[in-house]
Structure formats: C-alpha cells, structure tokens
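[1] I would like to see how this sequence folds:
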Amino acid sequence: MNSNGRLILFSGPSGVGKDTLLELLYKKKPDLVHSVSATTRNRRENEVNGKDYYFISKEDFELMIQSGNILEYTQYGSNLYGTPKKPIDDWLSQGKTIILKIEVHGAKQIKRLYKNSVSVFILPPSIEVLEQRLRKRGTEDEDDLKRRMETALSEIEESSGYDYVIYNDNLETAVDEIIEILNKN
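    Have a look, this model is predicted:
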C-alpha cells in the first residue's frame, strides 16, 4: 500500500515495559498516533476501553475476522488479540506516524502487508528482571506466569528479525533511542 504515513511495529515480551515506554514516548511526541488493538480478554482494573484496548466478545471478534476488518490477529492464552484494519489505512493515507504495539507473529504478518513498516523490539535487561516485573504486576497465577515466561523466551528469539532492538534497562534512554529511530525513518 502506498502512503505518506509511517507504521512503526512495537513488540516485546509481556512485562518488558512496552506500555510505560509508549506512555513516555507519546508525551515527548504527541503527534504520534496510537493504534488500539481489540481483545477478548477481560479488562484489567486500570485499563480503559477504547484507550488501552477495545474489549469485545469472542463472537464480535470472530465477526470482524470474517468480514476482513482485522488486519492481523493471534491467540494468546485463551484470548484473541488483533488490529482493526480501517484506522491504520486511514491514518497512513493522512500521512500520520502510527505506533502499533503488537506481538511477534502479528508483526511478521503486518511487515509482509506493509513493506515500509519499521519494526522495534524491546528487550528486558535480563530474563530474571522480566520475571520479577511480571510477578510484581500480580495479574497472573503461577501457571499463567510460567506460560508468559515460556512465550517471552520464544519471542526474544524472534528479536533478531526486527529492524531495531532496544534494551529497556533505563526508561528515558530507551525512549530517546526510540525517538532516534523515528527521526531516521
């Protein structure tokens, strides 16, 4: 698809600090557009529908898939996550820079569809730090935590396929590195 806009694919394992990094990035670069994904998972206490995710039923999500209104999607645990297509295409045609927080398989799918997209993978300082962050969050039971750690390890293996890799060991430094990437591309 030809457009004047830019699509930035932003990935990393659960608990690496993607949301915190993006929150700081949007404060420093308010012209960036935040793509909101749809999910069938339950809303967490601090999340806002339409801001953090579109929280929808599994039936509605499946209807969006069937009608071609989901750009990509994946199942994570027992929940579906996906990217609504129309807003992305609209923003690109308007020349906007869109940040799409997305897991690794979805990033591959989108990279095939939007060849000029730029992919950024966020790594934790260490696996131990990642596990500590997930435990501190307190949103998963031990089985879920184990699954998230297994998934994190396989996602980290995929990081070599990204255009850029950033270690999130210092928030400000990581945000500055992301801004440098945006300025280059």
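
[2] in this structure, what residue sits furthest out from the centroid?
    Glu142 (23.7 Å; Cα atoms, centre = their mean).

[3] host element of Ile88?
    helix 85-93 (DSSP states H and E).

[4] next one: that helix to chain centre, how far?
    Relative to its chain's centre, helix 85-93 lies at 17 Å (Cα atoms, centre = their mean, to the nearest Å).

[5] in the chain, which spans are strands?
    6-11, 33-34, 38-39, 54-55, 70-76, 79-84, 97-101, 118-123, 164-167 (DSSP state E).

[6] Could you export these as a markdown table, including mean neighbour count?
    For glycine as for every other residue, the C-beta is placed from the backbone atoms N, C-alpha and C. Converted to a markdown table, the strands of the chain look like this (neighbours: other Cβ atoms under 10 Å):
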| stretch | mean neighbour count |
| --- | --- |
| strand 6-11 | 23 |
| strand 33-34 | 18 |
| strand 38-39 | 20 |
| strand 54-55 | 16 |
| strand 70-76 | 18 |
| strand 79-84 | 19 |
| strand 97-101 | 21 |
| strand 118-123 | 22 |
| strand 164-167 | 18 |
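
[7] could you list every residue that touches Glu155?
    By Cβ atoms under 8 Å, 6 or more residues apart in numbering, the residues touching Glu155 are 11-13, 103-104.

[8] Please repeat the previous calculation with a cut-off of 10 Å.
    By Cβ atoms under 10 Å, 6 or more residues apart in numbering, Glu155 lies in contact with 11-14, 16, 103-105, 107, 121, 123, 148.

[9] Report the separation between it and Arg148.
    10 Å (Cβ to Cβ, to the nearest Å).

[10] and if you look at Arg44?
    14 Å.

[11] Compare these two (neighbour count), which wins?
    Arg148 (22 against 11; other Cβ atoms under 10 Å).
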